[in-house]
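Asker: The amino acid sequence is not available; the structure is as follows:
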């Protein structure tokens, strides 16, 4: 509890430290504005754009007195009408007019104000900051009658202010958090050890305590064992009925063997038909070869007649037609043989699978009967 209070307190105090660091940053910017910037400015100079020798002199003082510190990034000077007349940021447009800027307006009323850049202080034409800035707007009083002639804007890196505020409290927070985690781990281990120590003591008490409590525990254990045995018997009977159904639905080995024998006969018949058609094809091819030889002799001889040539051509066409038909029948027979072989293979695999399923079902039935006998 004390560590938790320390952690919460450090968070609260670090928040107040940030507020104090921001106040210090505003005071620092206000002091540099008076000591570095305002000494170089006059009412006539603030009435127009600062250029030429006046700009070079002012830039030299600003670079040496303000921007030499890494915490500061940009210095701008705004005229009474909200026009930008000087800036150390090279990307700023000299024609920017921020007559509607509420922070410049408050500074023109005589108050030094500070705001974060994320609050909406950016205007078109200005260099957009690439990190969070703490921007302070300081009124310029260059004349002896303390009239306000313009506003100085000084930008500081907010990360430097933030780190300065947390420099003291961040280590305290880390240490408190680490100690809090360590205490939590030790507390969890203590709870586990207490639970482990209490369990054997409770078991020992149950064993050595005589009387009605022990009797009640024995009766409860007996009832639970009886319920488990009855539930196991019901489950075993259900499994036995399912296995008997599977056995009845499964085909016998004899049926599968008969199917295999029938497919084997069909395969052999298809093979014989294919061989017969192959022989026919060979014979037709031989006949066709003889006809080709006769045609060649007829064409070579000069005594052949036109009628003989016609007859020979007809015989050739007839032989070729018969050969083509025989080849088609042979191809069909080959296809039927392959189909029969494939079907025989599938049937054989199916028969082996069914036989394995049948053996498994018989084994499961035997195991169920054994379980019922033991129950």
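Answerer: Now that the structure is in, tell me what you want to look at. From a predicted model like this one, the values you see are computed outputs, not experimental measurements.
Asker: can you list the domains in the protein?
Answerer: Per the record, the chain has its domains at 2-173, 245-374, by automatic domain parsing.
Asker: Can you say which of those domains is packed in most?
Answerer: Among those, domain 2-173 has the highest mean neighbour count (mean count of other Cβ atoms under 10 Å), at a mean of 16. Any C-beta I mention is one placed from the backbone N, CA and C, and that applies to glycine too.
Asker: Is it correct that residue 156 falls within a strand?
Answerer: Yes. Counting by DSSP: H, G, I helix; E, B strand; the rest coil, residue 156 is found in a strand.
Asker: wait, doesn't it sit right on residue 133?
Answerer: Yes. Using Cβ atoms under 8 Å, residue 156 is in contact with residue 133, at 6.8 Å.
Asker: Would you give the sheet partners of the helix or strand hosting residue 153, along with the direction of each?
Answerer: Following DSSP states H and E, one finds residue 153 within strand 150-157. Strand 150-157 has the following sheet partners, assigned by DSSP bridges: strand 72-78 (antiparallel), strand 133-140 (antiparallel).
Asker: what's near enough to touch residue 47?
Answerer: 79, 149 (Cβ atoms under 8 Å, 6 or more residues apart in numbering).
Asker: returning to what we had before: format the strands paired with strand 150-157 as JSON lines; extra columns: distance to residue 116 and mean pLDDT.
Answerer: Formatted as JSON lines, these follow (distance: least, Cβ to Cβ, whole Å; pLDDT from 0 to 100):
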{"stretch": "strand 72-78", "distance to residue 116": "14", "mean pLDDT": "96"}
{"stretch": "strand 133-140", "distance to residue 116": "6", "mean pLDDT": "96"}
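Asker: any chance of the ones you listed in a markdown table, plus distance to residue 55?
Answerer: What follows is these, written out as a markdown table (distance: least, Cβ to Cβ, whole Å):
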| stretch | distance to residue 55 |
| --- | --- |
| strand 72-78 | 10 |
| strand 133-140 | 16 |
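Asker: still on that earlier bit, the domains of the chain: lowest mean pLDDT?
Answerer: Among the domains of the chain, domain 245-374 carries the lowest mean pLDDT, a mean of 71.
Asker: all helices for the stretch 251-375 of the chain, in order.
Answerer: 253-300, 306-374 (DSSP state H, counting those that start in this stretch).
Asker: Let me fix that, I meant to ask about the stretch 1-150 of the chain.
Answerer: 2-32, 43-46, 52-65, 102-108.
Asker: Run through who's touching the shortest one.
Answerer: By that I understand helix 43-46. 54, 77, 79, 80, 85, 140, 142, 143, 149, 150.
Asker: show me what contacts residue 49?
Answerer: 85, 86, 94.
Asker: Distance of it relative to residue 94?
Answerer: 6 Å (Cβ to Cβ, to the nearest Å).
Asker: before we move on, back to that, of all the domains of the chain, which lies closest to residue 195?
Answerer: domain 2-173 (24.8 Å; Cβ to Cβ).
Asker: re the thing from before, which residues touch the strand holding residue 153?
Answerer: 25, 28-29, 32-33, 37-38, 41, 46, 66, 70-80, 85, 104, 107-108, 117, 129, 131-140, 142.
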